[in-house]
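Asker: Return atomic coordinates for the entry below.
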Amino acid sequence: MQSIRSATVASALRGACRQSSHTAFSSLQRSLCAKHVRGLATTQSQDRNILTSRNGFITAVSPASRQQTRNASSSSDELQKTPLYDLNIAHGGKMVPFGGYLMPVQYSGLTVSQSHTFTREHCSIFDVSHMVQRFFTGDSAANFLQRITPSDIAGLGRHRSTLSVFLHADESGGIVDDTIITRLTDTEFYVVTNAACREKDDKYLEAELEKWNSDKSNGFVKQTQANGYGLVALQGPEAESILTEALASPGDGLKNLYFGQSVYQELRLPNGKPSTPLLISRGGYTGEDGFEISIPGPDVIPIMETLLASGPEKVQLAGLGARDSLRLEAGMCLYGHDLDDSTTPVEAALSWIIPKERRSADAGYYGADIIAKQLVPKSKGGSGVLRRRVGLLVEGAPAREGAEIVSRDGGAKLGAVTSGCPSPTLGKNIAMGYIQEGFHKSGTEVDVLVRGRPRKAVVTKMPFVPTKYWKGIAPA
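Answerer: Numbering: from 1, shown residues only. Predicted coordinates for the structure are as follows:
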């Protein structure tokens, strides 16, 4: 870990955030990961060339991505590069190690705070190709995912998505990682997981697949990964118009594609020809309307050129710095900071991902017994929880990860901050963290110790900034 958190990286992060948003990177800097995982060459189902198979955990590679895979996998100590690395450099990307990759923390021309605001007012494109794109296939794929997550995966319609979490098999209710799961067909699911958790997730999923597939009555489930593919996020109020303009066949556009839905669409390449059908999902990690697009490696830069052709007044590239402050304003968790192996969905204020039909102790997923008890407060016969994730508005200096939350009437420790930064949108210091049950209600006043000094803070609901997801009715 220390080799990544070098003076060079720290300097880059400090330089990236000298403006008013400079503390937006406290959690980002600590999340830089030294575990650079070997590329597991994989591809989407249309062009799968299976190389190895063990207990349903499959490594595959498309001809177009073989060279990149060899380069990425040559040494476990090398930082990998996304398919957009050259474009990021050409546009002045300030590159830092993140999740085993060299990723842009910001680009020349805009400060992090300016990039954040530009996203809220116009549109930004984020290279998120470091995220792990997985496919689970098989007649019992839904049942397999229902065992390791608390969500209603079986009830997902085609091309519908849900936020969920992988749960530890020890029945503790602890979260292995958070994930977005999309049902593509009756037997295939697209699952996006965090880059920094790749090695842990790979081991976890391989073990779970081995257990599942060892019982022939379950039905066989296989996993492939789409390494070599790019993943870009188009985020902001102008995202729809920019992407509609880039469609090879605009038709009805994207008005009927709502938040949490996906579709395969061809985009227009710079030479005027259509791309292969691309998986386009409406959603993102900023709270704005937007889209995430999965793209085969060779087409990533041409597609980006098409999107950027809308002009700098409408769309700009944005990096990890703006992405971090945007997701915090939207009240979204960052695994390894706001979530970890010891956190349950109920403690993390993620109870909404558990549908009513899966709230019983016999729901069949890992940790169901503990989670079912936590969902019911002690006053009604359950166990409740001892702590909850909350939002905080902090006066004075911004609170950073690890800052203690204490009572105002004597300084008794109540919890700790897990993420914090100045909010460019609100002009206030915001944070999220875990606080003792009973102090979690909105309006509760507490102190946060910032550099050893108590700063008044007020518990507040999240998101801090209203989300603007497209659900068929324009948000107010």
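Asker: how many other residues sit next to the nearest residue to Glu347 once chain neighbours are set aside?
Answerer: Leaving out its chain neighbours, the residue that sits closest to Glu347 by CB to CB, 6 or more residues apart in numbering is Val385, at 5.0 Å. Every C-beta, even on glycine, is put in place using the N, C-alpha and C of the backbone. Counted with other CB atoms under 10 Å, residues neighbouring Val385 total 21.
Asker: ditto for the one 3 residues further on
Answerer: Arg388 has 21 neighbouring residues, counting by other CB under 10 Å.
Asker: hang on, the earlier thing: the residue nearest to Glu347: what secondary structure?
Answerer: Here Val385 is coil, with the state taken from DSSP: H, G, I helix; E, B strand; the rest coil.
Asker: which ones are touching it?
Answerer: 344, 346-347, 374, 437 (CB atoms under 8 Å, 6 or more residues apart in numbering).
Asker: again, only this time at 10 Å
Answerer: 344, 346-349, 351, 373-375, 377-378, 434, 436-437, 440 (CB atoms under 10 Å, 6 or more residues apart in numbering).
Asker: for Ser423, same thing?
Answerer: 20-21, 24, 113, 116, 325-326, 328-329, 393, 398, 429-431, 464-465.
Asker: So what does it have for phi and psi?
Answerer: phi -90, psi 110 (degrees, to the nearest 10).
Asker: same thing with Lys378?
Answerer: In terms of degrees, to the nearest 10, the main-chain angles of Lys378 are phi -60, psi -40.
Asker: Report the beta-bridge partner residues of the residue nearest to Asp340 when sequence neighbours are not counted.
Answerer: Nearest-residue entry for Asp340: Ile175, 7.0 Å, with adjacent residues in sequence omitted and distances by CB to CB, 6+ apart. The partner list for Ile175 in beta bridges (DSSP bridges) reads Leu167.
Asker: can you count the residues close to Ile175?
Answerer: For Ile175, using other CB under 10 Å, the count is 25.
Asker: now the helices for the chain?
Answerer: Along the chain, the stretches classed as helices by DSSP state H are 7-16, 26-30, 66-73, 85-90, 112-121, 141-148, 198-214, 239-246, 297-308, 320-329, 368-375.
Asker: For Gly99, which of those is the nearest?
Answerer: Taking CB to CB, helix 198-214 is the member of the helices of the chain nearest to Gly99, at 7.3 Å.
Asker: Quick check: pLDDT value at the nearest residue to Val96 once chain neighbours are set aside.
Answerer: If the residues on either side of it in the chain are set aside, Val96 comes closest to Val105, at 4.8 Å by CB to CB, 6+ apart. With respect to pLDDT, Val105 scores 98.
Asker: Low-confidence regions, the protein specifically.
Answerer: 1-77, 474-476 (pLDDT under 70).
Asker: hang on, Glu292 packs against Tyr229?
Answerer: No: the criterion here is CB atoms under 10 Å, and Glu292 misses it with Tyr229 at 11.8 Å.
Asker: Quickly list what's touching both of those two.
Answerer: With CB under 10 Å, 6+ apart, Glu292 and Tyr229 have common neighbours 133, 279.
Asker: how much space between Asp177 and His337?
Answerer: For Asp177, the distance to His337 (CB to CB, to the nearest Å) stands at 13 Å.
Asker: out of these two, which sits in the busier spot?
Answerer: Asp177 (23 against 20).
Asker: Could you count how many residues lie near Ile301?
Answerer: 18.
Asker: looking at it, it is touching Ser129, isn't it?
Answerer: No: Ile301 is beyond contact range of Ser129, at 11.3 Å (criterion: CB under 10 Å).
Asker: Could you pull out the residues contacting both of those two?
Answerer: 83-85, 230, 295.
Asker: right, so the helices of the chain: which one is the most enclosed?
Answerer: helix 320-329 (a mean of 27; mean count of other CB atoms under 10 Å).
Asker: and it, how far from the chain's centre?
Answerer: Remark: helix 320-329 is offset 11 Å from the chain centroid, using CA atoms, centre = their mean, to the nearest Å.
Asker: How about stretch 330-343?
Answerer: Using CA atoms, centre = their mean, the offset of stretch 330-343 from its chain centre is 10 Å.
Asker: can you give me the end-to-end distance of that stretch?
Answerer: The first and final residues of stretch 330-343 sit 20 Å from each other (CA to CA, to the nearest Å).
Asker: Ok, stretch 250-270 next?
Answerer: 16 Å.
Asker: what comes up buried for that stretch?
Answerer: 254, 257, 259-262, 265, 267-269 (16 or more other CB atoms under 10 Å).
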